[in-house]
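>>> Kindly return the folded structure for what I paste below:
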Amino acid sequence: MKDDDIKEILLELNQLDEHPRLEAKKGFGNSVFETICAFANEPGMGGGTILLGVTKNGEDFFGGYEVVGIQDPDKVSADLASGCASVFNIPIRPRISTIEFQKHVVIAVEVDELPAAQKPLYFQRQQLPRGAWRRVGSTDQHCTEEDVALFYTDQHHESYDAHILPSASLDDLDPDAIQHYRRLRAKVNPDAEELKYSDEELLQSLSAIKREKAEWRPTLTGLLLFGKRQALRRELPAMRVDYIRVQGTDWVPDADQRYESTIDMRGPLLQLVDRAQAAVVDDLPKGFELPEGSSQSNTPSLPSKALREAIVNALMHRSYRIHEPTQIIRYSNRIEIRNAGFSLKNQDQLGTPGSKLRNPNLAAVFHETNTAETKGSGIRVMREQMRTHGFSPPTFESDRVNQRFVTRLLLHHFLSEADLVWLRHFDGEELTNAQRYALIFTRESGAIDNQTLRQLTGDEVLSTSAELRRLRDLGFLEKRGGGASTYYIPGPKFPIRRSEELLAKDTTSASQRHNPPAQKHNPPPVFTSQSHNFPDALRGQIAALGGRPGKKIRPIIAELCSHKVLKANELAIILGNRDEAALRRSHLKPMVDAGELELTHPEMINHPDQAYRSPSGGTF
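Okay, here's the model as predicted:
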């Protein structure tokens, strides 16, 4: 690693903060070994880099991180190398580089992911599972029993979907579901060898049944694909699809007021895909669903292929170790599909070629019947379909802490006639498609940041930053915040009128467009624990916090956010006029990472109206 590499890493820290593959530490201590263990264990991430001698400082040129250096770097490097060879159950040898930078010495530690056969890596003096660590977002987390089970499954090359269900029998498999598979497979390849097999031979070839003590029994794959509904309810009671219609655009904590309707669906997976898709389509306004192969119509039309692929992705890649339903939630402005289990691919790599399969036997059947796209292309197909038909591309949220993956399909015709007319304000500027997307999103949401634009375009971090900087330089956007908290709002030359007004009348002068009238600003409200209807006991806990409360402040934050959705600055004032930046860094971000708080704008972390609320009581 060279001087230029350090500059690039510091720039990356400035733009993204610490993330799954990058960690900055001021000095050397036990936490360094924990991060090394997490990087080596985390599946599909490829390892990561630790930079020693770097600390966060808002005054720094790089927007939040400055180099402070490491004292006695030769000793630290030697202690690192010997520790990695002795403290773990197997010796590992990360690449350790010492670099002089800005008159300081920095140590870079590059850790490779271990092969599956060598996982889990853990501290010899501690018992499993807590002696092993995983990388969860930008944090290191103790492994759970399920994590360790996944590691050992990978070692023995037998996936969870191949496990035998000992209390199930061949009588629990539905001959009609087997025939349905044969019909789908014959459409793809009428000469497929397996179509000549008997039903029992076919089930064996699909790993749907396995022999146990001279008797054939269904595997998890077999029951999910071919199980009778009575057997699915008995053996896998939570493995269903729930279609939920919610009033408005937000999840309401009160279950009595939350739903307009809900449909619970069970059945063999290949049939369940069709039923789930039909439930969503039947609920959309007439003319809103666009059949596959149709051209774009005058009314907004959700492409069937994108919707189907989102449902298939949830059922094919979900974790069947976790007993909870897959949820399709229909809000007034979007469809959310939530399944158990995080993405085994890094979120920044979603949509790139190739895939890491949690359920390889299920996936094989989905691919062979053309129910799913070819490996690793499903998310790319969703993005292409939504863009082709003028919708905002889908966004994705992978939550390793809470074992959850969310796909969001916005029911907004992103490049409608009104949008295209509105974009005429920028004629002559030779804007790229990414810049057009950024402008439209900013008009709709009031702000945009690097991460959101990457979700919309699929571009890399640095190219997305360049797109936003150009819009800033042109005066169309205005930069706010700094470092990882950078976002952009409408700038002085941002057209203030909405596109529907342009369609009615497009004669306003350029000076009127680019010089909006000054807005009146009311003084901000005063927030204290007394100004809201918080319980007396909670007020007492706040009063007793003291100057350095440490982590005991977190349960109080969680309870505050269970009573009211609160912004970071409001929480800082309520909790005794604390430092807002320190509160975000030390408590709010870790609580979100740990699933103890939820963001009101998860699609854009740095949204200027970002606020925090307590989780939804385990419903998701």
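>>> For the rest of this, base every contact and every neighbour count on C-alpha atoms.
Noted.
>>> and Thr49, which of the three is it?
strand (DSSP: H, G, I helix; E, B strand; the rest coil).
>>> now for the helix or strand hosting Ala81, which elements pack on it?
In this assignment (DSSP states H and E), Ala81 forms part of helix 73-86. Under the contact criterion of 3 or more C-alpha pairs under 8 Å, 6 or more residues apart in numbering; DSSP states H and E, helix 73-86 touches strand 95-101, strand 104-111.
>>> Any idea how far apart the tips of stretch 399-410 sit?
Terminal residues of stretch 399-410 lie 20 Å apart, using C-alpha to C-alpha, to the nearest Å.
>>> Quick one, grab the pLDDT at Ala177.
Note on Ala177: pLDDT of 96.
>>> okay, now Asp282: neighbour count?
11 (other C-alpha atoms under 10 Å).
>>> in which helix or strand would I find it?
helix 269-283.
>>> His163 - how many residues pack around it?
Neighbour number of His163 under other C-alpha under 10 Å is 17.
>>> my bad, should have said Asp112
The burial count for Asp112: 19, using other C-alpha under 10 Å.
>>> cool, Ser445 as well?
Neighbour count for Ser445, taken as other C-alpha under 10 Å: 14.
>>> and if you look at Glu596?
19.
>>> same deal with Arg182?
By other C-alpha under 10 Å, neighbour count at Arg182 equals 19.
>>> how close does the closest residue in space to it that isn't next to it in sequence get to Arg185?
Residue nearest to Arg182 in three dimensions, not counting chain neighbours: Leu195, with 6.6 Å by C-alpha to C-alpha, 6 or more residues apart in numbering. Leu195 sits 8 Å away from Arg185, going by C-alpha to C-alpha.
>>> Check Asn339 too.
26 Å.
>>> More neighbours: which of those two?
Neighbour count, other C-alpha under 10 Å: between Asn339 and Arg185, Asn339 has more, with 28 against 22.
>>> Would you confirm that that one contacts Ala314?
Yes - with contact defined as C-alpha atoms under 8 Å, Asn339 counts as touching Ala314 (5.6 Å).
>>> just the angle between the helix or strand Ala310 falls within and helix 269-283, please?
Secondary structure assignment for Ala310, by DSSP H and E: helix 304-317. Calculated by axes from the mean of the first three to the mean of the last three C-alpha atoms, to 10 degrees, helix 304-317 forms an angle of 140 degrees with helix 269-283.
>>> 49 is where my numbering starts, stick with that
From this message on, residue numbering opens at 49, which makes the last subject helix 352-365.
>>> quick check, distance from helix 352-365 to the centre of its chain.
On the basis of C-alpha atoms, centre = their mean, to the nearest Å, helix 352-365 sits 16 Å off its chain's mean C-alpha point.
>>> what's next to that helix, contact-wise?
317, 321, 324-325, 337-340, 374, 385-387, 389, 391, 405-407, 410-411, 414, 419-421, 426-427, 429-431, 433-434, 455, 457 (C-alpha atoms under 8 Å, 6 or more residues apart in numbering).
>>> Filter those down to the buried ones, ChimeraX style.
Typed into ChimeraX, the line below selects the buried ones among the contacts of helix 352-365, using 16 or more other C-alpha atoms under 10 Å:
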select :317,321,324,325,337,338,374,385,386,387,389,391,405,406,407,410,411,414,419,420,421,426,427,429,430,431,433,434,455,457
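>>> Could you list which of the contacts of helix 352-365 belong to helices?
In helices, defined here by DSSP state H, the members of these are 317, 321, 324-325, 410-411, 414, 426-427, 429-431, 433-434.
>>> Max pairwise distance over those: which two?
Greatest spatial distance in the ones in helices among the contacts of helix 352-365: Leu410 and Met434, 26.1 Å, computed using C-alpha to C-alpha.
>>> Could you count how many residues lie near the residue nearest to Val159 when sequence neighbours are not counted?
Distances taken as C-alpha to C-alpha, 6+ apart put Pro142 closest to Val159, at 4.9 Å, once the chain neighbours are dropped. Using other C-alpha under 10 Å, Pro142 has 19 neighbouring residues.
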